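K.L.:
Requesting a structural model of the entry that follows:
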Amino acid sequence: MSRPLLALPATASWGALGGRLALVDRVAATESFDVLARTEAVPDALHTALARGEIVRALVLAAPVLPEDTTLIERFAALARPTLALFGTHDARVPPQSARRWRALVPSCHIVFLYDAGHDLAADRPEAFADAVTDFLADPGTFLINRRAGALHP
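P.N.:
A predicted model of the protein is given here:
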């Protein structure tokens with residue numbers, strides 16, 4: 001079954017928690033949904049998952065920066081939602097080495113590196129980005145990297 005995907009704007013602090021949750025409630029007319037966020041919108045995605053954890057099925061985080069609020073990441077990790085964090089191997093803004101911290105802090109987090117991609121993963125490697133996200137969202141519980149031969153390679 002296809003689920004709605006809530007793609008959060010890439011700007012920081014796109015609204016107060018009440019505004020975020022009003023949007024989430026509109027999307028959540030179905031049983032569950034997935035959340036996609038990149039860089040500055042990551043804290044919004046984590047807050048959304050915490051506030052509506054019963055209906056947020058999975059999170060996709062592109063070039064994610066760890067929030068400064070350590071309690072936020074700890075609370076999210078305890079929620080144990082399937083999470084995919086994508087990193088570009090040539091990203092100067094969010095270096096791929098930061099993936100280690102995500103994996104250490106969020107055990108339910110799958111890490112995928114998109115080779116030859118900079119900070120804008122979807123623009124730099126659109127096919128690889130789409131393949132990774134699609135495969136993950138198809139079944140986050142049994143996520144396999146590279147179901148299709150060569151999907152993540154240039």
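
K.L.:
Checking Leu6 next. Helix, strand or coil?
P.N.:
Secondary structure state of Leu6, per DSSP: H, G, I helix; E, B strand; the rest coil, is strand.

K.L.:
ok, what's across the strand from it?
P.N.:
Beta-bridge pairing of Leu6 under DSSP bridges involves Val35.

K.L.:
right, and it touches Val35 too?
P.N.:
Yes - look at Leu6 against Val35 with Cβ atoms under 8 Å: they come within range, at 5.0 Å. Placement of C-beta: from N, CA and C, glycine included.

K.L.:
burial of Leu84, as a residue count?
P.N.:
Using other Cβ atoms under 10 Å, Leu84 has 24 other residues around it.

K.L.:
For it, give me the pLDDT.
P.N.:
Reading off the confidence values, Leu84 has pLDDT 95.

K.L.:
Spit out the contact partners of it.
P.N.:
For Leu84, the contacting residues are 58-61, 109-110, 112, 132-133, 136, 140, 143, by Cβ atoms under 8 Å, 6 or more residues apart in numbering.

K.L.:
now those residues in a markdown table, with neighbour count and secondary structure?
P.N.:
A markdown table is the format used below for these (neighbours: other Cβ atoms under 10 Å; DSSP: H, G, I helix; E, B strand; the rest coil):
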| residue | neighbour count | secondary structure |
| --- | --- | --- |
| Ala58 | 24 | strand |
| Leu59 | 28 | strand |
| Val60 | 26 | strand |
| Leu61 | 23 | strand |
| Cys109 | 20 | strand |
| His110 | 19 | strand |
| Val112 | 22 | strand |
| Ala132 | 26 | helix |
| Val133 | 20 | helix |
| Phe136 | 22 | helix |
| Pro140 | 19 | helix |
| Phe143 | 17 | coil |
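
K.L.:
Return the closest of the residues you listed with respect to Leu86.
P.N.:
Compare each of those with Leu86 using Cβ to Cβ and the shortest gap goes to Val112, at 5.1 Å.

K.L.:
Now for Leu6 and Val35: what residues contact both?
P.N.:
With Cβ under 8 Å, 6+ apart, Leu6 and Val35 have common neighbours Thr48.
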